[in-house]
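[1] Take a look and give me a structure for this.
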Amino acid sequence: MSTVATSKRELIMATAKSIFIEKGFRGTTIANIADAAGIAKGSVYSYFSSKLDIVRALFLQSDEKNQFLVDQLLENEDKKGVLLLEAYLVQEYQEVLNERSFIQVFLTDDMIVMDSEVMTVVQECRINYHLSQQKVLLQAYGKDISPWLYDIVSLVNGLLQEYTVYLTLDDADFSIKRCAHLVAFCLDSAITALSNSTLSPLLTKENFPLTQNIDNEQHQKRKALKLLETIKREAEDMAAGQKSLVLETSSLIENELSQPAVNSTLIRALIANLRPYAELNVYRKRLADALDVELI
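    Numbering: from 1, shown residues only. Here you go, the predicted model:
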């Protein structure tokens, strides 16, 4: 995919998002999007089959941004416990405010909510969201909380989502820093109490509703393939020699992922080939994490 094509795709998405917010999903047409973007209507259809297809792409874009922000947050390994949890919550609430208008469009239009393909994407993003929260919690509190991890993730989301509803649907006006501080305090107290209790976890890896019926290996592969597509798009801006090496490495990883039995040693070595390219560092880390291989 060329750099121009990538830019045009992003232009269409950004323009569509702005018009969805202004006119609502039903009130927006592909022609509206094309006119506002300054491109031909047919150009929109070169990238997206429908308005719903654009919505799906916007959710995937948001999911990628969320994972990027979490990875950035976790680069500071000195921040632990309630301080890391609070920093994560501030980040999440800030994104809610940034996206409040688009979230309102999504939540109030049943045409979007009722679309099975959109909801499949939303569910995929929801799983990735929970996996990111698990990473935050494990870095914050260590492996000692592992037995309680799924219950704690559920507690995080219970509080996080309730205040998110206040911020989006109710247009609440309160300090997100104070909110994050309060929620982090409550969660930290609950985590400490659970860790010291004689209770048994309610949710485990085996019965966690979001992932109970998911083939984890296939889920990892799908996530890795999406990351490889992003890496290939990023490579378009590189010098010819670097671009060629990155694209070749990406193709080799894709080929290995298509095999019935994936060679983890080979995957690890191929991911290591991307190490010289600083602009790919965050994607390289996420790729290793998705495929559960050591980053070298």
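[2] so what's residue 211 scoring on pLDDT?
    pLDDT, the model's per-residue confidence, is 73 for residue 211.
[3] Can you tell me the element it falls in?
    Residue 211 belongs to no helix or strand when assigned by DSSP states H and E.
[4] show me what contacts it?
    127, 130, 205, 219 (CB atoms under 8 Å, 6 or more residues apart in numbering). C-beta: built from backbone N, CA, C; applies to glycine.
[5] Mean confidence (pLDDT) on the helix or strand hosting the second one, please.
    Using DSSP H and E, residue 130 falls within helix 116-141. Per-residue pLDDT values over helix 116-141 give a mean of 89.
[6] Same question for the helix or strand harbouring residue 10: list its buried residues.
    Using DSSP H and E, the element containing residue 10 is helix 3-23. Residues of helix 3-23 classed as buried by neighbour count (16 or more other CB atoms under 10 Å): 8-9, 11-13, 15-21.
[7] contacting residues around it?
    Helix 3-23 is contacted by residues 28, 32-33, 36-37, 39, 43-44, 47-48, 51, 54-55, 57-58, 61, 101-102, 105, 233, 236-237 when judged by CB under 8 Å, 6+ apart.
[8] Narrow those residues to those in helices?
    32-33, 36-37, 43-44, 47, 51, 54-55, 57-58, 61, 101-102, 105, 233 (DSSP state H).
[9] still on that earlier bit, any idea how far the helix holding residue 10 is from the chain center?
    Helix 3-23 sits 19 Å away from the centroid of its parent chain (CA atoms, centre = their mean, to the nearest Å).
[10] returning to that earlier point: just the buried positions in the helix holding residue 130, please.
    Neighbour count says helix 116-141 has 118, 121-122, 124-125, 127-141 buried, by 16+ other CB under 10 Å.
[11] Can you list the low-confidence ranges for the protein?
    Counting by pLDDT under 70, the ranges of the chain that qualify are 1-6, 212-217.
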